[in-house]
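> How does the following fold in three dimensions:
(chains A and B)
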Amino acid sequence: MNPSLESVLQHPGIWRGDRRAQTAVDALPSGFSALDELLPGGGWPRGALTEVLLARQGIGELRLLTPALARLPEADGWLAWVAPPYVPHAAALAAAGIDLARVLVAKPATDIDAWWTTEQALRSGACGALLAWLRAADERRMRRLQLAAETGQAWGVLFRHARAAQERSPAALRLLLAPVADGLAVHVLKRRGGPVSRPLVVALPPTGAARLARCPAPVLALAHS
Amino acid sequence: MLWLALHFSSLSLEVFTRGAPEPGPLAVVEKQGGRTRVVACNTAAAACGVCAGMAASAAQALADGLVLCRRDPVAEQASLDGLAVWAGRFTPSVSLAPPAGLLLEIGACLNLHRGLGNLLKQARNGLDAMGHAAAMACAPSSHGAWLLAKAGIAKAIRDPARLEQVLAALPVALLEQTPRVLEGLERVGAETLGDCLRLPRAGMARRFGQALADELDRALGRQPEARAFFEPPARFERALELPAPVHAAEALLFAVRRLLPELEGFLVLRQAGVQELELVCRHERRDPTRVTLGFVKPVRDAGRMQLLLRETLGHTRLPAAVHAIVLRAPRVLPLAGANVDLFLTKSREADGDLLLERLRIRLGRDAVHGIATVAEHRPERAWCTAQGSKRVAVANRHRPLWLLPTPLPCRDGRIKLKSGPERIESGWWDGGDIARDYYVAEDRDGAQLWVYCERANGEWYVHGVFA
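Numbering: from 1, shown residues only, chains lettered A, B, ... in the order given. Predicted coordinates for the structure are as follows:
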């Protein structure tokens, strides 16, 4: 290739359609190298909104995020949880390497308060990461969150139902998760850079007791294995 | 020594007007020799032709809707004390010059405030924020500075010889002497301080008394001055009358902002912070409304208090119009001064506290919390809400990230046990005893659940989700 063309292509403002954006995005390594390769900048985007779409809770969506949450530098401030559907269990968070002193849980009573809390927390610059479970999303509200995350340089993660996959969204990164054996199939719906056609299977660390299932007799009635 | 003198020429008026951004025509009146006369009026009243010295009835005829306030020396003294407290942010050596002056010894603290120019700018901004106007002057002697300030000569003089030059041009009427002495000076043709200084000293002392010679010496810095310094009160409580009744809580913010610099000065002086503020809104014929404001940690910064006050007042409903407010700091806590960061980086910690306080104001105190582990086998008691806990967390990698607030009966038979059991039997001593076998299970949709079998009756429950 022509050397001058080569130098032009090295410019961060130049984007080539055939690969993920090599932009100067501030990214947070996800802890899964295969996933990092798919994500622009090599990790979760900071100063932007990440949308995680899933059909139901509990398929491993948090285990996908905890390595990054554990690595977030202390100077970045709070790890905020807005309107979590259940109680984040302290012992499990600590086991995942998350500093509990930085965890902030907010339980707003109404949807409006929940959106307000999310926006304020993202904008404040006091949150390194924010996980939110919000209802009644619309594009205008999402855009406000995206702008707030840019202002506060926070990594905002929004959990939504997989139904929302067809809707338009201003989020910088959209992932659709589906459970597979011992892991998650991650389908990148949207990213900065070109589209990704095939889903990526991420192997998650095993859950619960390390002992293998040796189901004793009394529970056989329940287990259809 | 370098003294900064502040002369508040319109203090009697500001006592009434500073609680509102643009008060209507207002005049302060005082009984003088059997007749009520105007002693001061604001610009709105002056625009209607009201001026000082006018009879109250004449002023009322001139300006429609003129509010007349009887001069309140007690409030003026309280305001002056408040200003002295505010001035404590610049120097600990603050001296009162009643009825309307302050003298600050600033020679020793110029470096702290990065020079005289910067200090004067800060002082002017602070006075603006409080709604006070002052003539400021600096001189090596306190009385010299005071005379300059009273004459309205906004100069900063540091050289004694130059001070003598400038003072010489001032009229003798500024001197704090009896009318008899001032009349006598006029009779001998001494109109300025320079004229007085040129009089033979011994003769002047014989004719007008030693007091005049002493005052001139003190002004020029030739005689040491003994000034009593202001001692700040132990508690902070300041009241402010509003020029017109206020109905909306948001509008109170303006009045509260007038008091915050005083509070900040008070806290600087005491090397303290407040964790709680109380705002009492007084109504006519009704119990006052109390608004309290809580902070995560002791704070001193007026800007931060203002931000939270705005949010709190936005959520406050007033039962009636407010005619006066009182700002009170019930408890003062020690707080070391903040170090200035070498690289001037933004402090995320302060941002974090501010965010926490703002969320708490809107969502309620219990709706925003941190979490901590508890050394306990029962899963539902193994965590607690906490804030800024420094305890070492008890990690357990066999626990799910989501815990259900209450275990749900598991009626769906189509879940598949994957590993377990883990037996937890504990709590017989406090009545909350449990005896359970915990398993990791997977349901039809591939979600990992934490289920248990109650050993007493064999019932199955879901207690957590491995999200």
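
> Helices of chain A, residue ranges please.
In chain A, the helices defined using DSSP state H lie at A:3-10, A:33-38, A:61-71, A:90-95, A:111-124, A:139-152.

> and if you look at chain B?
Counting by DSSP H, chain B has these helices, from start to end: B:11-17, B:43-47, B:56-62, B:73-87, B:116-130, B:142-151, B:160-168, B:179-187, B:193-198, B:201-208, B:210-220, B:249-270, B:302-314, B:348-363.

> related to what we said a few turns ago, can you redo the helices of chain A as JSON lines with mean pLDDT and mean neighbour count?
All C-beta spots, glycine's among them, are computed from the backbone N, C-alpha and C. Formatted as JSON lines, those follow (pLDDT from 0 to 100; neighbours: other C-beta atoms under 10 Å in any protein chain shown):
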{"stretch": "helix A:3-10", "mean pLDDT": "76", "mean neighbour count": "9"}
{"stretch": "helix A:33-38", "mean pLDDT": "88", "mean neighbour count": "15"}
{"stretch": "helix A:61-71", "mean pLDDT": "92", "mean neighbour count": "21"}
{"stretch": "helix A:90-95", "mean pLDDT": "90", "mean neighbour count": "26"}
{"stretch": "helix A:111-124", "mean pLDDT": "92", "mean neighbour count": "22"}
{"stretch": "helix A:139-152", "mean pLDDT": "91", "mean neighbour count": "18"}
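
> Now do residue 153: how many residues are near it, please.
Chain wasn't specified; assuming chain A. A:Q153 has 15 neighbours, counted by other C-beta atoms under 10 Å in any protein chain shown.

> actually it's chain B I care about, not the one you picked
Using other C-beta under 10 Å, B:I153 has 17 other residues around it.

> Quick check: bridge partners of the nearest residue to it once chain neighbours are set aside?
Distance criterion C-beta to C-beta, 6 or more residues apart in numbering or on different chains; nearest residue to B:I153, sequence neighbours excluded, is B:A137 at 5.9 Å. Counting by DSSP bridges, B:A137 is bridged to B:A5.

> Test my guess that B:A137 contacts B:A145.
Yes. The pair B:A137 / B:A145 is scored as a contact, 5.2 Å apart, by C-beta atoms under 8 Å.

> ok, these two, which is more surrounded?
The neighbour count for B:A137 versus B:A145, taken as other C-beta under 10 Å, is higher for B:A145 (31 against 25).

> Do I have it right that that one meets B:A151?
No. Look at B:A145 against B:A151 with C-beta under 8 Å: they stay out of range, at 10.9 Å.

> How confident was the prediction at the residue most central in space within chain A?
The structure's chain A has its C-alpha centroid closest to A:V157; by C-alpha atoms, centre = their mean the separation is 4.9 Å. A:V157 is assigned 95 on the pLDDT scale.

> And it, how far from A:V82?
Distance of A:V157 to A:V82, given as C-beta to C-beta, to the nearest Å: 10 Å.

> Show me whatever sits in contact with both of these two.
A:130-132 (C-beta atoms under 8 Å, 6 or more residues apart in numbering or on different chains).

> Identify those among those that sit within strands.
A:130-132 (DSSP state E).

> where does the chain dip in pLDDT?
This is for chain A. Chain A contains residues with pLDDT under 70 at A:1, A:12, A:14-25, A:207-225.

> wrong one, chain B
B:337-350, B:388-390, B:412-413.

> Find the centremost residue of it, please.
Computing the C-alpha centroid of chain B and ranking residues by C-alpha atoms, centre = their mean puts B:L260 first, at 2.4 Å.

> hmm, back to that, common neighbours of B:A137 and B:A145, please.
Shared contacts of B:A137 and B:A145 (C-beta under 8 Å, 6+ apart): B:4-5.

> follow-up on the earlier one: neighbour-wise, which of the ones in strands among the shared contacts of A:V157 and A:V82 leads?
The residue in those with the most neighbours, by other C-beta under 10 Å, is A:L130 (28 neighbours).

> Pull the contacting residues for it.
Applying C-beta under 8 Å, 6+ apart to A:L130 gives the contacts A:78-82, A:118, A:121-122, A:149, A:154-157.

> Please go through the residues you listed and note which also touch chain B.
The subset of those within reach of chain B, by C-beta under 8 Å from any C-beta of the partner chain, is A:78, A:121.

> Show me chain B divided up by domain.
As assigned by automatic domain parsing, chain B contains the domains B:3-157, B:159-225, B:237-343, B:394-465.

> Now do the same contact list for the residue of the stretch 151-300 of chain B found nearest chain A.
Closest to chain A within the stretch 151-300 of chain B is B:V296: 11.3 Å, counting by C-beta to the nearest C-beta. Shown in contact with B:V296 (C-beta under 8 Å, 6+ apart): B:353, B:356-357, B:387.

> among those, which ones are buried?
With burial judged by 16 or more other C-beta atoms under 10 Å in any protein chain shown, the buried subset of the contacts of B:V296 is B:353, B:356-357.

> Adding distance to A:E51, write the residues you listed out as TSV.
Converted to TSV, the buried ones among the contacts of B:V296 look like this (distance: C-beta to C-beta, whole Å):
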residue	distance to A:E51
B:D353	30
B:L356	26
B:E357	29
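
> between these, which is nearest chain A?
The closest of the buried ones among the contacts of B:V296 to chain A turns out to be B:L356 (C-beta to the nearest C-beta; 7.0 Å).

> didn't that closest one look like it was pressed against A:V105?
No. Using C-beta under 8 Å, B:L356 is not in contact with A:V105; the gap is 11.4 Å.

> Show me the common contact partners of the two, please.
Joint contacts of B:L356 and A:V105 (C-beta under 8 Å, 6+ apart) are B:V368.

> Report how many residues lie close to the one residue in the stretch 51-200 of chain B that gets nearest to chain A.
Residue nearest to chain A within the stretch 51-200 of chain B: B:A129 (24.8 Å; C-beta to the nearest C-beta). Per other C-beta under 10 Å, the neighbour tally for B:A129 reads 17.

> And for the nearest residue to it once chain neighbours are set aside, the neighbour number?
Using C-beta to C-beta, 6+ apart and skipping the chain neighbours, the partner closest in space to B:A129 is B:P261 (5.2 Å). Using other C-beta under 10 Å, the number of residues around B:P261 comes to 23.

> Pull up the gap between B:P261 and B:V462, please.
57 Å.

> related to what we said a few turns ago, can you tell me which two in the contacts of B:V296 are farthest apart?
Pairwise distances among those were taken by C-beta to C-beta; the largest, 11.6 Å, belongs to B:E357 and B:Q387.

> How about the contacts made by A:P85?
Listed by C-beta under 8 Å, 6+ apart, the contact partners of A:P85 are A:57, A:133, B:402.

> my guess is the second one meets A:Y86, correct?
Okay, so that is A:W133. No. Applying C-beta under 8 Å, one finds A:W133 not in contact with A:Y86, separated by 9.7 Å.

> What's the end-to-end length of stretch B:50-61?
10 Å (C-alpha to C-alpha, to the nearest Å).

> rewinding a little: tell me the contacts of the residue nearest to B:A129?
Counting by C-beta under 8 Å, 6+ apart, B:P261 makes contact with B:86, B:126, B:129-130, B:302.

> Pull out the buried members of those residues.
The neighbour count (16+ other C-beta under 10 Å) marks B:86, B:126, B:129-130, B:302 as buried among the contacts of B:P261.

> Next, format these as CSV and append distance to B:E241.
Putting those into CSV (distance: C-beta to C-beta, whole Å) gives the following:
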residue, distance to B:E241
B:W86, 18
B:G126, 21
B:A129, 18
B:M130, 14
B:A302, 21
